[in-house]
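Asks: Attaching a predicted model along with its sequence, questions to come.
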Amino acid sequence: METLKLPFNVIKLILSKINDTQTYLNSRLVCKIWYEKLKNIKIYNLKELKEIIEFQEKEITTYNSQWVIINKYFVKTYGGFIYKTYSNGQCIETINLQPPYKIKKKTLKQYKYTNVEYDINECKEIKTEETIEIPNLCIIT
């Protein structure tokens, strides 16, 4: 069986015209070259780019269409994970699974940090801490 070899410029043109998620995902399955060119997954909504999912070793990061980070998922070497949620590039929530039974959750809402620990073996909250952070205000005189 003879394979068809397209010039790189033609492949680049074809891939640049993809504007829906299912076609994008199916195109990744065509061959190794296309898979490498489409390594980051793109999510479209009504033919407009909505999100980009980037895979790295032990890490998955999601960006919006302007490449501003939305969330990050990091897998630890011996179990567990860290999941971070961002708003306007600032981390607003962190969930940290610490094997075997502990989950730590840190949340930032309106200059207030909340730290909560859970014991998933006992299905209960261990402790909650709240601290207030005063923002640095720039006053022009």
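Replies: That came in fine, so what should we check first?

Asks: How is this protein partitioned into domains?
Replies: Following automatic domain parsing, the chain resolves into domains at 1-39, 47-141.

Asks: residue contacts, the closest residue to W34 other than its chain neighbours?
Replies: If the residues on either side of it in the chain are set aside, W34 comes closest to S27, at 5.7 Å by CB to CB, 6 or more residues apart in numbering. For every residue, glycine as well, the C-beta is placed using N, CA and C. With contact set as CB atoms under 8 Å, 6 or more residues apart in numbering, S27 has these partners: L15, I18, W34, L38.

Asks: will you turn the domains of the chain into TSV that also has mean pLDDT?
Replies: Below are the domains of the chain laid out as TSV (pLDDT from 0 to 100):
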stretch	mean pLDDT
domain 1-39	88
domain 47-141	88
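
Asks: Using CSV, write out every CA atom in the helix ranked longest in the chain.
Replies: In the chain, with assignment by DSSP state H, the single longest helix is helix 8-16. C-alpha atoms of helix 8-16 as CSV (Å, rounded to 0.1, in the frame of the first residue of the first chain):
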residue,chain,number,x,y,z
PHE,A,8,4.1,20.6,4.6
ASN,A,9,2.5,23.8,3.5
VAL,A,10,-0.7,22.0,2.5
ILE,A,11,-0.8,20.2,5.9
LYS,A,12,-0.3,23.4,7.7
LEU,A,13,-3.1,25.0,5.7
ILE,A,14,-5.5,22.1,6.4
LEU,A,15,-4.8,22.2,10.1
SER,A,16,-5.2,26.0,10.3
